[in-house]
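Undergrad: Quick check, what structure comes out for this input:
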Amino acid sequence: MKKLLLLIVILGCFGFTANHFYPIDGYTLTGIKRLAYLERVKNGEIKSDRIPPGAFKDINSIELNLVDRKSELVNLPEEDKELQDRVEKLFRGLDKNYSMTVLDMTKGQPLRYAQHRESVGYQPGSVGKLVVLAAFFKQLCEILPGSSFEERQQLLKNKIITAGKWALYDHHTVPIYNLETQKLVKRTVLATDTFSLYEWLDHMVSVSNNGAASVVWREAVLMHVFQDKYPKLTFEESEAYFKNTPKNELSQLAVDLVNAPLRELGITEDEWRLGKFFTNGAGDYIPGSGGSIGTPIGLIKFVMALEKGEIVDEKSSLEMKRLLYMTDRRIRYAGSKSLDSSAVYFKSGSFYKCDKDKGKCGNYMGNVYNYMNSVAIVEKPNGKRYAVCLMSNVLQKNSAYDHLILASKIDAIMESEDEY
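TA: Numbers count the residues shown, from 1 in each chain. Alright, predicted model coming up:
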């Protein structure tokens, strides 16, 4: 008789704690305190060999790549035959459970696009935090519709938000820098923690903290509900709202709200959707609905919209891109040494599950499912610009190394276009 009770370990890691994003010179603008620490690293006060050359772009040097090419990209480009052939060769001998889209958007050159199993669905893991990011900036625009973007940034910098049980539990640590003692510590988020909206956004993207993602999603819901009252909304008032509103109503509202920007961009429900908060604490307030899925074609449509400045507006898209800029040690796809001198804008995530009765299993080596996904925009010193969305589900194997090797091979392909 089969065992009724399987020892099933579900280990979901929606990111990795080693990455840091946002331009290093952004402390004064944002108030994100860890950037003050990185300034000391950049200035040589603190010795570190973690930061590659491509991480030192300043805020004003980050630009959107497709703003002037919107008319060329109303829809996805047609496949470029030569690029498509070379992409297909990459996956010969690899497990079939890999999917990818790649877009060459180098200025002054024709757009080139290729894809591989582009419509296959995967559990998006932490890549889904891009959906939350877009929804948050959409709601920020709606509560301050007549304001300048600088005024929106002031709210991000000055409004302090309490974590509450929403942020629990996540084993990912967040960096906390004390400006007075100049000490940096990394620890898990507590229910009593308070950070500015900017810092919550940074925690969500830079170290992929699940608690931060739940808090940011919560704040997007509150902006939608309270509108112009939101800037002065207290934590106690927000908790009362959630307590007194039926859960099924909250669930429908939260899921519709977070996915609305995707639909406005022409990304269908089958191409990308988010259906559940990132922590159990948040799920106690708002249950999930409809499940989550991502596809490389949905992700590349998102990247195109970002680079065109079409996610909310041009300045919001640019700020989202800044938040995605990697300014510390790189992992998985972004860990390729061939990218060291390049600026990389990146979001990665994994989600896996182990069953002891199904053989080999471990961290990032699930034997029930083992998703690993990466979205990367690469800007090389020679002017080459391209984006890659890579998704995989290879059982019993940590795919991080394969992602890294693929990154090196893709980079070589993008650099060798003159050989076509």
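
Undergrad: just the strands in the stretch 201-350 of the chain please.
TA: Here the stretch 201-350 of the chain has its strands, by DSSP state E, counting those that start in this stretch, at 272-273, 293-294, 343-355.

Undergrad: And the first one, what does it pack against?
TA: Secondary-structure packing of strand 272-273 (3 or more Cβ pairs under 8 Å, 6 or more residues apart in numbering; DSSP states H and E): helix 247-264, strand 293-294, helix 296-308. Using the backbone N, CA and C atoms, a C-beta is placed for each residue, glycine as well.

Undergrad: For these, could you give me TSV that also reports distance to Lys337 and mean pLDDT?
TA: Shown next, in TSV, are the helices and strands packed on strand 272-273 (distance: least, Cβ to Cβ, whole Å; pLDDT from 0 to 100):
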stretch	distance to Lys337	mean pLDDT
helix 247-264	34	98
strand 293-294	28	96
helix 296-308	23	98
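
Undergrad: can you put the ones you listed in a markdown table and add mean neighbour count and distance to Ser206?
TA: What follows is the helices and strands packed on strand 272-273, written out as a markdown table (neighbours: other Cβ atoms under 10 Å; distance: least, Cβ to Cβ, whole Å):
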| stretch | mean neighbour count | distance to Ser206 |
| --- | --- | --- |
| helix 247-264 | 18 | 20 |
| strand 293-294 | 24 | 20 |
| helix 296-308 | 25 | 17 |
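
Undergrad: Alpha carbons of the host helix or strand of Asn373, as CSV, please.
TA: For Asn373, the host element (DSSP states H and E) is strand 369-379. This file holds the C-alpha atoms of strand 369-379, laid out as CSV (Å, rounded to 0.1, in the frame of the first residue of the first chain):
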residue,chain,number,x,y,z
TYR,A,369,9.5,20.4,-9.9
ASN,A,370,12.6,22.6,-10.2
TYR,A,371,11.9,25.9,-11.8
MET,A,372,14.7,28.4,-12.4
ASN,A,373,14.0,31.6,-14.4
SER,A,374,16.0,34.7,-15.4
VAL,A,375,15.1,38.0,-17.1
ALA,A,376,18.2,39.9,-18.1
ILE,A,377,18.9,43.1,-20.1
VAL,A,378,22.5,43.3,-21.1
GLU,A,379,24.3,46.6,-22.2
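
Undergrad: helices or strands up against that strand?
TA: For strand 369-379, the packing partners by 3+ Cβ pairs under 8 Å, 6+ apart come out as helix 296-308, strand 343-355, strand 385-393, helix 400-415.

Undergrad: can you tell which of those is closest to Arg329?
TA: Closest approach to Arg329 among the helices and strands packed on strand 369-379 is made by strand 343-355 (11.6 Å; Cβ to Cβ).

Undergrad: now that closest one against helix 296-308, angle please.
TA: 150 degrees (axes from the mean of the first three to the mean of the last three Cα atoms, to 10 degrees).

Undergrad: ok so, going back, show the average pLDDT along the strand holding Asn373.
TA: For strand 369-379, mean pLDDT rounds to 94.

Undergrad: What strands line up against that strand, and which way round?
TA: strand 343-355 (antiparallel), strand 385-393 (antiparallel) (DSSP bridges).

Undergrad: Isn't Pro287 up against Ser251?
TA: Yes. Using Cβ atoms under 8 Å, Pro287 is in contact with Ser251, at 5.0 Å.

Undergrad: can the strands of the stretch 201-350 of the chain go into TSV with extra columns for distance to Phe242?
TA: Shown next, in TSV, are these (distance: least, Cβ to Cβ, whole Å):
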stretch	distance to Phe242
strand 272-273	23
strand 293-294	26
strand 343-355	26
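
Undergrad: Tell me which of these sits nearest to Glu150.
TA: Nearest to Glu150 among the strands of the stretch 201-350 of the chain is strand 343-355 (22.4 Å), distances taken as Cβ to Cβ.

Undergrad: Specify the angle between that closest one and helix 400-415 in degrees.
TA: Per the same axes, to 10 degrees, the angle that strand 343-355 makes with helix 400-415 is 150 degrees.

Undergrad: for strand 343-355, which positions count as buried?
TA: Ala343, Val344, Tyr345, Phe346, Lys347, Ser348, Gly349, Ser350, Phe351, Tyr352, Lys353, Cys354 (16 or more other Cβ atoms under 10 Å).

Undergrad: and those as a markdown table, adding distance to Trp200?
TA: Formatted as a markdown table, the buried residues of strand 343-355 follow (distance: Cβ to Cβ, whole Å):
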| residue | distance to Trp200 |
| --- | --- |
| Ala343 | 24 |
| Val344 | 23 |
| Tyr345 | 20 |
| Phe346 | 19 |
| Lys347 | 16 |
| Ser348 | 19 |
| Gly349 | 18 |
| Ser350 | 22 |
| Phe351 | 22 |
| Tyr352 | 26 |
| Lys353 | 28 |
| Cys354 | 31 |
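
Undergrad: so where's the stretch 301-420 of the chain uncertain?
TA: 417-420 (pLDDT under 70).

Undergrad: Hmm, I typed the wrong one, I wanted the stretch 51-200 of the chain.
TA: In the stretch 51-200 of the chain (pLDDT under 70), the answer is 95.
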